[in-house]
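Q: sequence and predicted structure, then a few things I'm wondering about:
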Amino acid sequence: MIYRYKATIPQSKNFVRIYEVRASSTLYAFHLFLLNDLSFSPDQQVFFRTFNGTGNHMRECGLFDTGDGSMDQIRLETIHKKGEKNLHYVFDIFRGRYLALEFEGIEEELPRKTYPRTIMERGGDPDQFREEQVGLDMNFDECESA
């Protein structure tokens, strides 16, 4: 069984990804995939927040267990069965920036496909360390005053 998630970033109108992930995958496996897909640094603290169908925050799962379980202990199918379908992948804990992962449905696993996988993407990868993207057309005077 495959879960489909639509990924957006609230601060970005251009960024959209559609991911397909095996239901049996752990949050940690999904985290490793997101690191690679978005070209994020692997040495930064990140965590997942789970939300129920009415948008209530249910738990936080990080690399280390802080009471709700760690990423490597929790499978997507487990949180889905508890009604926790939507996720926030917090990739910048200091600014509270996150990737909103909205559950879109269940798909059948296709033979000869590897999962997780990106099936649609729009917009460039977000910069993990900078909230606003700096344009390449800035001149040196603007850089010094910023």
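A: Ah, there it is. Everything numeric here is computed off the predicted structure, so don't read it as measured data.
Q: so where's this protein shaky on pLDDT?
A: Applying pLDDT under 70 to the chain picks out residues 130-146.
Q: roughly how far apart are residue 52 and residue 9?
A: As for residue 52, its distance to residue 9 is 22 Å (criterion: C-beta to C-beta, to the nearest Å). All C-beta spots, glycine's among them, are computed from the backbone N, C-alpha and C.
Q: hey, what's the closest residue to residue 66 other than its chain neighbours bridged with?
A: Nearest residue to residue 66, sequence neighbours excluded (C-beta to C-beta, 6 or more residues apart in numbering): residue 60, at 6.8 Å. Taking DSSP bridges, one obtains residue 49 as the residues bridged to residue 60.
Q: residue 52 and residue 9: which is more packed in?
A: Between residue 52 and residue 9, counting by other C-beta atoms under 10 Å, residue 9 is the more crowded of the two (19 against 14).
Q: next, count neighbours for the nearest residue to the more buried one once chain neighbours are set aside.
A: Leaving aside its sequence neighbours, residue 9 sits nearest to residue 15 (C-beta to C-beta, 6+ apart; 4.8 Å). When counting by other C-beta under 10 Å, one arrives at 18 neighbours for residue 15.
Q: start at 69, not 1
A: Taking 69 as the first residue, the last one we looked at is residue 83.
Q: contacts only, for residue 83.
A: 75-77, 190-192, 194 (C-beta atoms under 8 Å, 6 or more residues apart in numbering).
Q: who's in contact with the residue nearest to residue 134?
A: Counting by C-beta under 8 Å, 6+ apart, residue 128 has contacts 115-118, 134, 136.
Q: now, which of these sits nearest residue 104?
A: Ranked by distance to residue 104 (C-beta to C-beta), these are led by residue 116 at 16.5 Å.
Q: pretty sure the closest one is in contact with residue 156, am I right?
A: Yes - contact criterion C-beta atoms under 8 Å: residue 116 and residue 156 qualify, at 6.9 Å.
Q: how far off centre is the longest strand belonging to the chain?
A: In the chain, taking DSSP state E as the definition, the longest strand is strand 165-175. Centre-to-centre, strand 165-175 and its host chain are 8 Å apart (C-alpha atoms, centre = their mean, to the nearest Å).
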